[in-house]
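S.K.: Following is a predicted model, sequence given first.
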Amino acid sequence: MSRRRPYDGVVLAAPCSVPYVRYSTETAHHWLARALKGTLDAGGLAKEEIDGFSVASFTLFPDTPVGLTQHFGLTPRWLDSIPMGGASGVVALRRAARAVQAGDADIVACIAGDTNQIDSFRKLLSSFSRFAMDAAYPYGYGGPNAMFALLTDRYMQEYGATREDFGRICVAQRQNALRYPQAIMRKPLSLEAYLAARPIADPIALFDCVMPCAGAEGLLVMRQEEAERRGLPHAHLAATIERHNAFPDDPMQLRGGWAMDAPELWEMAGAGPEDMDLVQTYDDYPVISMMQFEDLGFCAKGAAPAFLRGRDLTVTGDLPHNTSGGQLSAGQAGAAGGFIGLVEALRQVTGQAGPTQVPGARRALVSGFGMINYDRGLCSGAAVLDGGAA
Amino acid sequence: MSDPLSRPSKTNPQTPLRVPALPPEARSRAAMGLTAAAAEGRFALQHCAECGRVQYPPRDACHACLSVDLPWRDTDPVGTLLADTVVRASPNLYFRDRVPWRTGTVRLDAGPSIVVHVHGDCERGARVRLTSRLDRAGQGVLMALPMEETPNMADDPQLRELTADPKHRRILITDARQDTAPALARALLAAGAAEIMVGEAEGWRPWPGRERLAAMEGVTLLPLDVTDTASVETLAGEIGGKTDILINNARFVRPGGLLGGDPGFARQEMEVAYFGLMRLAQAFGPAMRARGSDGVRSAVAWVNILSAHALSSDPAYGTFSAANAAALSLSQTLRADLRPGGLRVLNVFAGPTEDDWHQAVPPPKVTGGAIARSVVEGLQDGLEEVWCGDVARDLRDRWRQNPKVLERELTGGAT
């Protein structure tokens, strides 16, 4: 028996991915509006029909989601702001689900998006967090690349992972991206090209890094009967977890908060890793995807390199992973990076994924990871989606 | 071992000067504690006054017990280099010009994991010691060094960015007649300086030691009177573009208090200590600031030699103390003005000096040689403050404990 109440009667529907672009002259407001409109259109709703609104964005300044209500002409009775980057999708979902379950809101639109103007990424870096300002930027100013280079270096030493191991993840995702019309990266990637790529911060090279871009994602959370009444394909929320600043005494990050909470996730879901038809990890760097496979129980700690060597991570493989190409190939649209796996998983388990559809996909694991406050990612979360019988 | 730094070839006048860029300068107020310690060459971190846990990054509350009492204390700098990387791409202009740049994560024996600059001679997995230095933005940063001295260690390009090392640099000493001048010239040449230029006021007036100083290999005497604006501007016009380090050792001192003191002497003390610094700064400062990123031979530092009584007056040298207090204040403005070029302002505070004007002062007194050693060490360690001699260090400590008590003690009445 789980300690927590299940998310009975709450479903996700109306997935929307606004096509990403590398650079945009538009604002975050523009991208968020398109995601909101897109998810409302997908659900066949007018904006007056939502009474809950959840927003994740880094580039909305000086506005907050409060300002967006007036900007977009919304009058919600429930409003949420999710400043958790790569964990924002799972976190937004679990909060919205409880609000709907409790009746604080009937239909919540959860959206995430950011613009990427020419200088956006540099500006975002310069004001990301106080610890980063004091203790990371002055040291080479390599941004997240440098911090993840250190984690990757440590992981390789500790567990014997090789660049080829990371490369296989990136190559498989590129194959998936080639099926996904909205992916930014449209050229096939070979392992040779991966290994020969320009070094960025050793051992990280070009294809280990996501490409910052502009884009947005969205979905709706509502009661099951509401979705059925509207004839919307929907998925149940079987289980979720969330954790912040896990294992603070670890000298370096070799595991995330999932390792604290994975047993509870699977217990609540009534399923295990082997029951998942596909997995969407948070892939800002391939080492983080490896950590998630380990910490979420797909294999033992440190065993991900060997585990993944024996798996096919493509859409048609035995372990479909980041089926739309993930951030590594579809691009990282700021906070939308915390939603890309969630929205794609919702399409998958409801049979709406089109060219990336995993045949018969019913259950998916979505995992989030966010906020390199200083030397490690602080936020982690995961959710199991269940599309029900096909 | 580090590759030895070779003497740079002559500057190509057709190559545009590198525009000075600084590493990221913004810090929280708490993090300024690191800067204050680095300015003096100390490695200090916050220690919780209640539970003793060592904190990093700098905080406002203890991560173990939430106490807000987190004093900076000298800390064991030894740890293990757990991971390293070489940054090859950075959006920051300073680092973009200087990649590849090595950084790493060190787990200190004292507790925290710290992201640091890494010296080229450190091996991953090895024991290292952290040193606290000021970067070109004048902010405290930490660098991992090998446990033992290695060959050409100071020539590591990343370490050199954190120092004002005299090696291969061209240096102006402003007053040849001071006892400090020959000692400075010797010490700087021994430290690898490329060229020593020494200012000489009133060259027609003979003085002992001139021949010996002028005969030193690598030393040139040039006309310079810091009390004469035209003289300062003329010399700056000639050598301002190749002055990498300026050491202002000019000094005029006469014993005496305020009542019954000689206004002529007081004026001359101000002319040298305060207006002299101002003239030098206005004439040499702009060109030096513009050359802050000029490669191995960039302009890098400005040194003032001040009396420690700039902090709190010695009534027996009242007007001299006041002139030094004025110079200290002006040096802080100079520091702010030179910062955009990445230059360091080093103040060497000396106690009473071993000379004719301090005959009545009991020992210990500092020699020109001691001041020269402090200057060279301060430059090699990239410091902003050096306290030369026991008296200066004692004054510093008492001033930090309680400036009012120190004033009362210095003006008599202490038992």
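M.R.: Alright, I've got the coordinates. Numbers count the residues shown, from 1 in each chain, chains lettered A, B, ... in the order given.
S.K.: Buried ones in stretch A:174-186, by neighbour count?
M.R.: A:Arg174, A:Gln175, A:Asn176, A:Ala177, A:Leu178, A:Arg179, A:Tyr180, A:Ala183, A:Ile184, A:Met185 (16 or more other C-beta atoms under 10 Å in any protein chain shown). Using the backbone N, CA and C atoms, a C-beta is placed for each residue, glycine as well.
S.K.: okay, among the residues you listed, which ones form the most distant pair?
M.R.: A:Gln175 and A:Ile184 (15.1 Å; C-beta to C-beta).
S.K.: In CSV, list the buried residues of stretch A:174-186 along with secondary structure.
M.R.: Output for the buried residues of stretch A:174-186, formatted as CSV (DSSP: H, G, I helix; E, B strand; the rest coil):
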residue, secondary structure
A:Arg174, helix
A:Gln175, helix
A:Asn176, helix
A:Ala177, helix
A:Leu178, helix
A:Arg179, helix
A:Tyr180, coil
A:Ala183, coil
A:Ile184, coil
A:Met185, coil
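S.K.: for chain B, what's the longest helix?
M.R.: helix B:318-338 (DSSP state H).
S.K.: Now do whatever helix or strand comes next after that helix against helix B:318-338, angle only.
M.R.: Once helix B:318-338 ends, the next helix or strand along the chain (criterion: DSSP states H and E) is strand B:344-350. If you take axes from the mean of the first three to the mean of the last three C-alpha atoms, to 10 degrees, strand B:344-350 sits at 160 degrees to helix B:318-338.
S.K.: in its sheet, what does strand B:344-350 sit against?
M.R.: Partners of strand B:344-350 in the sheet, by DSSP bridges, are strand B:301-307 (parallel), strand B:385-388 (parallel).
S.K.: what's the average pLDDT for that strand?
M.R.: The pLDDT scores in strand B:344-350 average 98.
S.K.: which outside residues touch that strand?
M.R.: With contacts defined as C-beta atoms under 8 Å, 6 or more residues apart in numbering or on different chains, strand B:344-350 is touched by B:134, B:138, B:164, B:300-308, B:310-311, B:328, B:331, B:334-335, B:338, B:366, B:370-371, B:374-375, B:378-379, B:382-389, B:392, B:395-396.
S.K.: for the record, mean pLDDT for the following helix or strand past that strand?
M.R.: Sequence order places helix B:368-380 as the next helix or strand after strand B:344-350, per DSSP H and E. What helix B:368-380 shows for mean pLDDT is 97.
S.K.: Now do stretch B:208-224: distance to the chain's middle.
M.R.: The chain centroid and the centroid of stretch B:208-224 are separated by 25 Å under C-alpha atoms, centre = their mean, to the nearest Å.
S.K.: In space, what's closest to the residue nearest the centre of chain A - neighbours in sequence excluded?
M.R.: Taking C-alpha atoms, centre = their mean, the centroid of chain A lies closest to A:Gly338, which sits 3.3 Å from it. Nearest residue to A:Gly338, sequence neighbours excluded (C-beta to C-beta, 6 or more residues apart in numbering or on different chains): A:Ser88, at 3.7 Å.
S.K.: again, but for B:Met147
M.R.: Spatially, and ignoring its direct neighbours in sequence, B:Met147 is nearest to B:Arg127 (5.4 Å; C-beta to C-beta, 6+ apart).
S.K.: Domain map for the chain?
M.R.: Looking at chain A here, since you left the chain open. Domain assignment for chain A by automatic domain parsing gives A:10-119+A:214-230, A:141-210+A:235-386.
S.K.: The intended chain is chain B.
M.R.: Structural domains assigned to chain B are B:32-161, B:170-410, following automatic domain parsing.
S.K.: Relative to A:Ile107, tell me which of the ones you listed wins on proximity.
M.R.: Closest approach to A:Ile107 among the domains of chain B (C-beta to C-beta): domain B:32-161, 40.5 Å.
S.K.: gap between the closest one and the chain center?
M.R.: Mean-position distance between domain B:32-161 and its chain equals 20 Å (C-alpha atoms, centre = their mean).
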